[in-house]
Structures are given as C-alpha cells and as structure tokens.
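>>> turn this into a model:
(2 chains)
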Amino acid sequence: MGETKPSYRELEARLLHAERTLRAIGAGEIDSVIGEKGVYYLRLRELENELDLNRIKIEEMDLTLNTLMECVPEGVTIASAPDVNILRVSDYGKNLLGKPGEILENIPAEQHVANWDIYKADGKTRPVNEDLPLTRAVRHGETVKDEEWVLGASGGVRIPIICNAAPIKKAEGKIIGGIMAWRDISRRKKAEEELKSLNLSLEEKVRERTAELRDQFEQRKYLARNLVRLLERERSEIAMNLHDHAGQVLTALRMDIDFVQEELPPGPATEKLESCRKMTGELMDFIRNISHTLRPPSLEKLGLTTAIRALIEDIKIKSGISIRFFTRGISRLHPEKELAIYRVIQESINNIIKHSGADEAFVNLVLREGNVILTIEDNGSGFDYEPVKEGADSQKGSLGLIIMKERIVQAGGELWIETEKGKGTLIAAEIPLTEEHMETEE
Amino acid sequence: MNKISQEKPSGKKVFRLYVTGNEPHSVRAEENLRKFCASLTKEFHEIEIVDVLKSYKLAIENKILLTPALVILSPEPEATLYGDLRDKDELFRILGLGEDK
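Numbers count the residues shown, from 1 in each chain, chains lettered A, B, ... in the order given. Model prediction:
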C-alpha cells in the first residue's frame, strides 16, 4: 500500500509544528525529552549557563594562578597526582635556578632529581625520588615543614633551600595534586657560617686570653709565694748575722773595753771608756731588738698569743697608740700559721702607725667553729682600696697588703680588707684548722 | 488508547499540558496557561495536566516528545505548542482570538 501524500495544509501544519519545536528548543524552554524507555531531563540552557560560569571561574582562577606564579617572590612548584608530574613552577623559582620551564616543568617524578639537580641538605648526597617533599605530599598526603635541601642552579652553583610541601585534597580527602613552596636560604646559611666562624674565633680568643690570664695569675701567685719565702729567709739571715756576727763582735768589743778600763788608772780616759761601754750596750740592745723583730724568737718559745702580746706591748710603748688585744681558744698552731698570723698583725699595726693616724686599734684573735678568726681594726683615716685591690697601685705601698694576703693564703686561709676613706680600716682573716694542728685551749 | 474525553463542545477550549514533574519550564508553562485561561473570562475552558513522569507512554502515544507541551484539543484544528508559554499572543493567534487587548 502506497502512502497517501500529505496535503499542503498538513505539510504547513507539520512545518509550523517543527518550527515551534525548534524555537522552544532554541529558547531553552524544554524540560525533558520523552523516549521509548522513559523521560530524559533536558536542561541544556542551564547546563550551558553553568558551564559558562564554570568556564569564567576557571579562566579567572587560571589568571590568578598565572599572576601569582609570575609575581610570588618564592619558589613554588605544583604537581599533579598521582604521578607527581610537575605542572607549574613560579617564575622566581625558574629565574633562581636559571633553568627554562622545559627542563623544570611537565616532567614525571623519575626525572625530578636529575632535572632539578637535587641534593640532600649536605649538598653532596643524591636523594631517591620517594624522599622528595613534593612526592611525599602527593603520594602519601604528608605535610612537610621547613626541610632543608640543596638545588643545583645553572653554572654549577648550589643553592640551599628550605621547603614546605602539602597535598592538594578534595573535600572527601582524595589527593588531586601537591604544592611545594621553597625559599633560597643562601644568605641565612652564609650568615650562620660567618657567625659560627666568628664564634669559633671569639672562643679561641677567649681561650687564649684565659690561658694568658691563668699564666699571669699562676706567675703572680708563684712570685708572691716566693716573695714571702724570700722575705722570711732574708729576715732570718739578717737576724742571724746581726745576732751571731754583730752580737759577737760587740760582745768582744765590750770585753776589750772592760779590760782596758781595768788596766788604766782612773781619769778622763776611763770615763770615755765607760761611755763607750754604755754605747756598746745600747748598740747590743738595739741589734737584739732588730733581730727579734726580724725573727721573733718568742713565737717558737712562748707561743703565738704571748708573742703577740709582747709585740703589742712593745709597739704601744714606742708609738703611744692604744692597742687592745683579745684572744680566746687559741693555743699552739702549725708554725707556718703562727708565723703568718704574727706577721699580719705586725704588718697591720706598722701600717696603722705609719699611715692611718689612728689613736686606737683593736686586735681580735679567736677560734670559732674550727677556724682561726683574726681581725685588726683601727679608727684611722682609711684608704681607697679599689686601686690596690685591682693591683694598679702596687707601686704605692700595696705590696705589704699583697704579701699579707699571700701569707694567709699559704696558711690555707683567706684575707679581706674593708676600708673607706675617713672610716678606718678592718683587716679580717680566716684560717681553717686541720685536725693535726688543733691544739686549743678549752 | 487516549483516556482523555474526546468530546469537545463547540466554543469550549480544551487544553492538555504535558509537564515533567516540577521542572522549572513545566511549572512556568502551567502558570502561564492558567493566567491565560483566567483572561478568557467569558470563555468556557478545560485544562488537563499530564505529568510524563507518571504516564510518559500517553505522551508517546500522542507523539509528544518534549515537555512542556501544550496540546490545544479544541477548537480544531488540533495544535501543539512547546515551551513555557510565555508568548500569550501566539496562543491568542492559534485560538483565533486576536490580540488580548
């Protein structure tokens, strides 16, 4: 059966129908298409609009990213997942390395180490690709913070960098890429090296200076110790010579005078001889006194406190200064300690007489908690101790103080001086008693 | 076959609107059709809504392949309009009512 030809009117109606259909489709007013198997939603215009919006967004984001990668003053590397293919490198990064994008970008993970010329922080060891921060971020989702690496730039220059890397994740956690920011730390490294070398040289200088000072200190200590020994030996020798030689000569002289005096008849000559005899006696007393001052025999024979009392009594008579002496608990000490204490008191009292203008002094020697405590105090003019303490004034009579100090140090103790101009002077010493030297009065 | 009544009283306007659920163009088409009918104060009219999500086979039987689709069953000749019926003038024209002024 042949098909009947449609009439003109029918054709016109179909055409009109087709036109309307097309117009509606063109206008995007269609919701769905109905097919044999069901209804198909159709939102072409909306989808197109959505697509347009997305395209605009993508373009804008692309522009933003481009600008960022051009302007950011950091090395920035972006890679895709899971292949860690490097998609973009910031211009700063490319310029820093002096390498074109063709070498640094669009390269798979296996080429990163070679193309980027990557070394570990020591600048010598080549890493494996799996160790690289960006690979770890993309493949294992690791966030890498402040890791040091070294990159080889053009011309063989090695640039130390500090890296931070993180994975780029979708909301559901899927890793779609990774980003790494890296910074040239050459200047910081250089500054650190300089500081290190400066510290080393400073430490070396401090060491040298310390050794120098220690040497000086030891030398000074040695000299002071020897000075005290020499002083005692000299004094002892002079005392001995005076006593043995001058004493004998004077004794012989007096015997001769006695002899001549007896042989001669009384007259002016014998009177002169009597005068000579008296002067010889005075000279003998004088020499004995000097000899005793230089080497106090009473110290050994009588003990420390009695010798001190005798010394003070003698000085009181000669100087007219009121000196009070108080002692408690002290008996025989080690001879070295006794001599040190005796000499400190002797030197201090001599200083008081010579320099202080004091009219009163107080010497205190006691045993307290196993220590011998000695203080010598006066009401004199005092003095500026700082320059003496610093050793700057050794030319002006501080040698006596240094020797005093050294005597006490050698006796195993310590000595302090407290003084101020116009406020008198206090000299204090503390000497610990060791078991074998403790013989105290109870 | 077609479940819709084939009786078409003379002068009566019978519309069948094929829609897809609450899709935006379908909803707009129904709104526009009802507005149009409301303007026909003196005319008797009937609107039938067919949701293709519930009976798409009816649409196929009646050769309706897109929605929204308005079939003017009466007055004859039968005509089909697609889209959201925003063009009221076209409806007037098809129904032979002239401008709605």
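>>> quick one: the helices in chain B, in order.
B:24-39, B:52-61, B:88-95 (DSSP state H).
>>> quick one: secondary structure of the closest residue in space to residue A:422 that isn't next to it in sequence?
Nearest non-adjacent residue to residue A:422, counting by Cβ to Cβ, 6 or more residues apart in numbering or on different chains: residue A:382, 5.8 Å away. C-beta: built from backbone N, CA, C; applies to glycine. Under DSSP: H, G, I helix; E, B strand; the rest coil, residue A:382 falls in the coil class.
>>> quick one: mean pLDDT for the helix or strand hosting residue A:190?
Following DSSP states H and E, one finds residue A:190 within helix A:186-241. In this model, helix A:186-241 has an average pLDDT of 86.
>>> that helix: what's the following helix or strand?
Following helix A:186-241 in sequence, per DSSP H and E, is helix A:247-263.
>>> elements contacting that following helix?
helix A:268-294 (3 or more Cβ pairs under 8 Å, 6 or more residues apart in numbering or on different chains; DSSP states H and E).
>>> now residue B:83: how far from residue B:66?
9 Å (Cβ to Cβ, to the nearest Å).
>>> who's more crowded, those two?
residue B:83 (27 against 23; other Cβ atoms under 10 Å in any protein chain shown).
>>> that one contacts residue B:26, correct?
No. Counting by Cβ atoms under 8 Å, residue B:83 stays clear of residue B:26, with 10.4 Å between them.
>>> need the residues touching each of those two.
The contact sets of residue B:83 and residue B:26 overlap at residue B:68 (Cβ atoms under 8 Å, 6 or more residues apart in numbering or on different chains).
>>> grab the nearest non-local neighbour of residue A:409.
With Cβ to Cβ, 6+ apart as the criterion, residue A:409 has its nearest non-adjacent residue at 7.4 Å, and that residue is residue A:415.
>>> okay, residue A:399: pLDDT?
73.
>>> nope, residue A:297 is what I meant
65.
>>> cool, and residue A:156?
At residue A:156, pLDDT is 87.
>>> follow-up on the earlier one: mean neighbour count and distance to residue A:151 for the helices of chain B - can I get that in a markdown table?
Below are the helices of chain B laid out as a markdown table (neighbours: other Cβ atoms under 10 Å in any protein chain shown; distance: least, Cβ to Cβ, whole Å):
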| stretch | mean neighbour count | distance to residue A:151 |
| --- | --- | --- |
| helix B:24-39 | 18 | 56 |
| helix B:52-61 | 17 | 62 |
| helix B:88-95 | 16 | 71 |
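>>> got those as JSON lines, with mean pLDDT and distance to chain A columns?
Shown next, in JSON lines, are the helices of chain B (pLDDT from 0 to 100; distance: least, Cβ to the nearest Cβ, whole Å):
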{"stretch": "helix B:24-39", "mean pLDDT": "91", "distance to chain A": "5"}
{"stretch": "helix B:52-61", "mean pLDDT": "87", "distance to chain A": "5"}
{"stretch": "helix B:88-95", "mean pLDDT": "83", "distance to chain A": "8"}
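>>> residue A:221 is nearest to which of those?
helix B:24-39 (104.5 Å; Cβ to Cβ).
>>> which residues touch that closest one?
Applying Cβ under 8 Å, 6+ apart, the set of residues contacting helix B:24-39 is A:29-31, B:13, B:15, B:17, B:19-20, B:45, B:47, B:49, B:67-68, B:70, B:83-86, B:88, B:91, B:100.
>>> got it, and stretch A:379-389?
With Cβ under 8 Å, 6+ apart, stretch A:379-389 has contacts from A:352, A:355-361, A:393-394, A:396, A:398, A:401, A:417-425.
>>> which among these count as buried?
If you count burial by 16 or more other Cβ atoms under 10 Å in any protein chain shown, the buried members of those come out as A:352, A:355, A:356, A:358, A:361, A:393, A:398, A:401, A:417, A:419, A:424, A:425.
>>> thinking the last one is in contact with residue A:378, fair?
The reference is to residue A:425. Yes. The pair residue A:425 / residue A:378 is scored as a contact, 5.6 Å apart, by Cβ under 8 Å.
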